[in-house]
Each structure stands twice: as structure tokens, then as C-alpha cells.
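Trainee: Starting from these lines, generate the structure:
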Amino acid sequence: MYFVNENKMVYLWQVEAHVKALKTLCKRKALHSKEAESLTSATDLKAIAPVLYAIITSGSSDRKSNRLPGAALPLKQIAPSMYIQAWLTMGKICLADGKLAKRYLPLFGQLMQTDCAALRNNIVVMMTDFCVLYCSGCYMSKITKCLRDTRELVRRQTFILLSRLLQSIYVK
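Mentor: Numbers count the residues shown, from 1 in each chain. Below is the predicted model:
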């Protein structure tokens, strides 16, 4: 059974770990020290979200997105591990902050069609957590489509998570 208050405390604790991992990756992948400083200077959750948004939309064709300075290619091509970690960190922050979750949840729904299996797998985990915490059942059809994923890992993970989600609903 899921308890929202306990889960939010766990997510807040996990946010720190994910932010720390992302900062480490930023320092390693930065082209110069000023870029590393700009990517790692945010310490407040609300200040980190726009930086993460800039990281995950870098190189996109969206003219309105906040791009990273000098990022002509998508970060997912330049540094895939940093791109995946940025999404994970954004997900954990959204799980800890309901207002940010409402704002960024559609991005996670769109990302379930990405070509990166590791990222799809992580997104499925976050989307099921969103369903538990924020009753985001509107994305259930996208989650269940992952049962037909090309990668066995994603299919298996989706099956396990959906099973747990159903158990939490009916075992109250």
C-alpha cells in the first residue's frame, strides 16, 4: 500500500542523490569551468527545474525552449548519460513537488516514445509513481503500451510496475 506522505519524504531524499549525480556529470561533461558552474549553481528545487528543462531540451527545434549556451546538438547525442540523468532528476523533483509535476508531466508523457530504451524504462517507473501520487491516470494508456515495447527489459518492468499499481489500488 502507498502512503503519500511517506512517498514524498522518500522522493525528497532521492532528489538530493539525483541532483548530486547530475552535478557530477555536468562537471565531467562541461566544455569549460564557466559552463560547469552555470549548470551546477542551482540549489533550490524550483531553481533547478529550469536548468534541467534547458538540459533536456537542448538542441531541440522548439524556438521557445531555454537552450544551453552554445548547444547546437542535442545533449542526448553529445552526452547521453547526462541527458538520462537530467530526466531522472526532473522526475524526482516533480514527484516531490506537485506544482512542478503538473507543469512538466506532459513532457514525460511525450518522452515515452523515445528511442532510448533505458530512458523509456525510467520514464515508465516515474509515470507509475505519478499515478500513485497525483492520480495521473490519463497516462495509463501510454504506460500500458510499453507492454509491447521492442525491448524485453522495458516490457518486463512495465508489467511489474502495472501489477504493483493494481495491487495498491485493490489491497486497501
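Trainee: May I have the distance across stretch 128-148, first residue to last?
Mentor: Counting by C-alpha to C-alpha, to the nearest Å, the length from the leading to the trailing residue of stretch 128-148 is 17 Å.
Trainee: How about stretch 147-155?
Mentor: End-to-end span of stretch 147-155 (C-alpha to C-alpha): 5 Å.
Trainee: Please apply the same query to stretch 111-120.
Mentor: The separation between the terminal residues of stretch 111-120, taken as C-alpha to C-alpha, is 7 Å.
Trainee: average pLDDT for it?
Mentor: For stretch 111-120, the mean pLDDT works out to 89.
Trainee: for stretch 151-170, same thing?
Mentor: Mean per-residue pLDDT for stretch 151-170: 89.
Trainee: Could you list the buried residues of that stretch?
Mentor: Residues 154-155, 157-158, 161-162, 165 are the ones in stretch 151-170 that count as buried (16 or more other C-beta atoms under 10 Å). Backbone N, C-alpha and C define where each C-beta goes, glycine included.
Trainee: In strands, which of the residues you listed fall?
Mentor: Residues from these lying in strands, with DSSP state E as the criterion: none.
Trainee: a markdown table for those residues, including distance to Lys92?
Mentor: Below are those laid out as a markdown table (distance: C-beta to C-beta, whole Å):
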| residue | distance to Lys92 |
| --- | --- |
| Val154 | 20 |
| Arg155 | 24 |
| Gln157 | 17 |
| Thr158 | 20 |
| Leu161 | 16 |
| Leu162 | 21 |
| Leu165 | 18 |
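Trainee: and which of the residues you listed is nearest Met127?
Mentor: When the buried residues of stretch 151-170 are compared for distance to Met127, the smallest value, 8.6 Å, is given by Leu161; criterion: C-beta to C-beta.
Trainee: from memory the closest one sits against Asn122, does it?
Mentor: No. Using C-beta atoms under 8 Å, Leu161 and Asn122 do not qualify as a contacting pair, with a distance of 11.4 Å.
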